[in-house]
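**Q** sequence unavailable; structure follows:
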């Protein structure tokens, strides 16, 4: 009897401790000799375990149950004993986590995070709108803490603005930004607290100015859409849709110059199209763009090579003359697969993101798709249609079923894998002679070896491959062009 009384006393003590300091929680999942454990204390979480994969890449993705949104993602490596550990914090809510290593995936049961808010002064959030300028400020009980804002457009829930900051020593914060005409809601998140504003209505009468224009010039398959608008040094995007089925045939982003001028150059197959140009809250629609060029005919390989135009000498960029990739850049630009910048530069040594690379690759190989795609982080992304095409054509698979990471810089090993898959290259275990071959991820080794064997990609003069280094625009152009040339050869 005394034994049971002691157990009850201990249980009561534990429950009191949890109520005072937040929820303490633990779970263990065991599969054979492998296990995954989750420990919680308030909003602090530790996911750790031991598996049979030694010194291998391991990834964790945590999803919020209510809407399957990704709440946390990280990568690490198991140690020499197969052990791993991830530590992070989450706001109040119910979650599930997936731990992936090689071909193995482990899913936890529900992770319930709850921490009682601390008492304090009254909290506030204020919204001030002046034309298209918005100021959201307020005061919370969280002092010197990270705070984030996400603004959604009411009509389609698209994210219109996102930013992070820090509250000051009084818990005060302020975000200032501009939005195009429309109705929005903002979510401000700090620690485990979330504040949602009422409707934010943004409307500003367009200012008068010089007459705006948009011009379309067609020469064979080549199209030049250019013009002048009252938006200077602003982001501008173009989307070209085929009239017959509204399929997107071309999409790109650029910037107007100091005079409000812009230009997009690209190629299209025979058909009738319309171009939609967006700059801030302004939208311009072209008249019909008619492409009707007779093919030259003739025999050739049954494996069709996507068109690569002869370099156009009228395309002049002030930063590629003498560059090692100058000829390759000119060829791929002439094909309409990649563009330079409105300021007359190409920026060949700038890094390229995963979304940007996929866009160029899909254009170069004329891939098509009508799929909506599965990735949570590309639904409202400017490159979603190209990413969906790459997914449909089995060129990519993402970090998980719902995560692609479009704005991360692409690594050289990722680039080699994607190009090899686009080319439908037969991959083999060729010998790799690079001094840093051990740094190549297991999932990429066959693709890197086969791409190097086919001379799609090369290493550096010091006999390294640098698989984890970010690829440049010049390297991306060269690898894609090598792939296209290998088809015709």
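**A** Received it, and whenever you're ready, just let me know what you need. Quick caveat: nothing in here was measured; it's all calculated off a predicted structure.
**Q** make it CA atoms for all contacts and neighbour counts henceforth
**A** Fine.
**Q** so what's the most centrally placed residue in the chain closest to, chain neighbours aside?
**A** Centre of the chain computed as the mean C-alpha position; nearest residue by C-alpha atoms, centre = their mean is residue 406, 1.7 Å away. Spatial nearest neighbour of residue 406, excluding adjacent residues (C-alpha to C-alpha, 6 or more residues apart in numbering): residue 355 at 4.6 Å.
**Q** now do residue 65
**A** residue 95 (5.1 Å).
**Q** quick one, grab the pLDDT at that neighbour.
**A** pLDDT recorded at residue 95 is 83.
**Q** wait, it touches residue 112, no?
**A** Yes. Shown here, residue 95 and residue 112 form a contact pair, counting by C-alpha atoms under 8 Å, at 6.4 Å.
**Q** the two: which has the busier surroundings?
**A** Remark: of residue 95 and residue 112, residue 95 carries more neighbours, 22 against 19, as counted by other C-alpha atoms under 10 Å.
**Q** residue 110 versus the more buried one, what's the distance?
**A** 6 Å (C-alpha to C-alpha, to the nearest Å).
**Q** output the below-cut-off pLDDT ranges for the stretch 51-200 of the chain.
**A** For the stretch 51-200 of the chain, applying pLDDT under 70 flags the ranges 114-123, 155-156.
**Q** strands of that one, start to end?
**A** Counting by DSSP state E, counting those that start in this stretch, one finds strands in the stretch 51-200 of the chain at the ranges 57-64, 70-77, 83-89, 93-101, 104-107, 111-113, 124-130, 133-139, 146-153, 159-166, 172-178, 182-190, 193-196, 200-202.
**Q** between these, which one is nearest to residue 415?
**A** strand 57-64 (18.3 Å; C-alpha to C-alpha).
**Q** burial count for residue 461?
**A** As a measure of burial, residue 461 has 7 neighbours, counting by other C-alpha under 10 Å.
**Q** ok, the one 10 residues further on next?
**A** Other residues within reach of residue 471, judged by other C-alpha under 10 Å, total 24.
**Q** I'd say it and residue 413 touch.
**A** No. Using C-alpha under 8 Å, residue 471 makes no contact with residue 413, being 9.0 Å away.
**Q** what separation is there between the residue nearest to the centre of the chain and residue 382?
**A** Relative to residue 382, residue 406 is positioned 10 Å away (C-alpha to C-alpha).
**Q** residue 472 too?
**A** 21 Å.
**Q** how about residue 435?
**A** 38 Å.
**Q** these two: who's more crowded?
**A** A direct count of neighbours by other C-alpha under 10 Å for residue 435 and residue 382 places residue 382 higher, at 17 against 12.
**Q** please enumerate the helices of the stretch 301-450 of the chain.
**A** For the stretch 301-450 of the chain, the helices defined by DSSP state H, counting those that start in this stretch cover 326-334, 354-364, 384-392, 412-422, 445-453.
**Q** could you single out the most deeply buried of the strands of the stretch 51-200 of the chain?
**A** Across those, the average number of neighbours (mean count of other C-alpha atoms under 10 Å) peaks for strand 111-113, which reaches a mean of 21.
**Q** which strands border it, and is each parallel or antiparallel?
**A** Strand pairing for strand 111-113, determined by DSSP bridges: strand 93-101 (antiparallel).
**Q** contacts for the partner strand, please.
**A** Strand 93-101 is touched from outside by 53, 56-66, 105-114, with contacts defined as C-alpha atoms under 8 Å, 6 or more residues apart in numbering.
**Q** could you check the angle strand 70-77 makes with it?
**A** Going by axes from the mean of the first three to the mean of the last three C-alpha atoms, to 10 degrees, strand 93-101 is angled at 30 degrees with respect to strand 70-77.
**Q** now strand 93-101 and strand 57-64, what's the angle there?
**A** Put simply, strand 93-101 runs at 160 degrees to strand 57-64, going by the same axes, to 10 degrees.
**Q** residues in contact with residue 359?
**A** Per C-alpha under 8 Å, 6+ apart, neighbours of residue 359: 383, 386-387.
**Q** buried subset of those?
**A** Neighbour-count burial within the contacts of residue 359 applies to 383, 386-387; the criterion is 16 or more other C-alpha atoms under 10 Å.
**Q** between the helices of the stretch 301-450 of the chain, which gets nearest to residue 285?
**A** Taking those one by one with C-alpha to C-alpha, helix 384-392 is closest: 19.7 Å.
**Q** now that closest one: buried residues?
**A** 384-392.
**Q** could you dump those residues into a markdown table with pLDDT and distance to residue 317 added?
**A** Putting the buried residues of helix 384-392 into a markdown table (pLDDT from 0 to 100; distance: C-alpha to C-alpha, whole Å) gives the following:
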| residue | pLDDT | distance to residue 317 |
| --- | --- | --- |
| 384 | 86 | 28 |
| 385 | 86 | 28 |
| 386 | 89 | 26 |
| 387 | 91 | 28 |
| 388 | 89 | 31 |
| 389 | 89 | 30 |
| 390 | 91 | 29 |
| 391 | 90 | 33 |
| 392 | 88 | 34 |
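**Q** format these as CSV; extra columns: distance to residue 225.
**A** CSV is the format used below for the buried residues of helix 384-392 (distance: C-alpha to C-alpha, whole Å):
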residue, distance to residue 225
384, 22
385, 21
386, 21
387, 24
388, 25
389, 24
390, 26
391, 29
392, 29
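**Q** quick check, nearest of these to residue 275?
**A** The closest of the buried residues of helix 384-392, once distances to residue 275 are taken by C-alpha to C-alpha, is residue 385, at 15.8 Å.
**Q** do a quick rundown of the strands in the stretch 251-400 of the chain.
**A** Counting by DSSP E, counting those that start in this stretch, the segments of the stretch 251-400 of the chain that form strands are 261-267, 271-279, 282-285, 289-291.
**Q** stretch 184-202 spans what distance, first to last residue?
**A** Stretch 184-202 end-to-end distance (C-alpha to C-alpha) = 8 Å.
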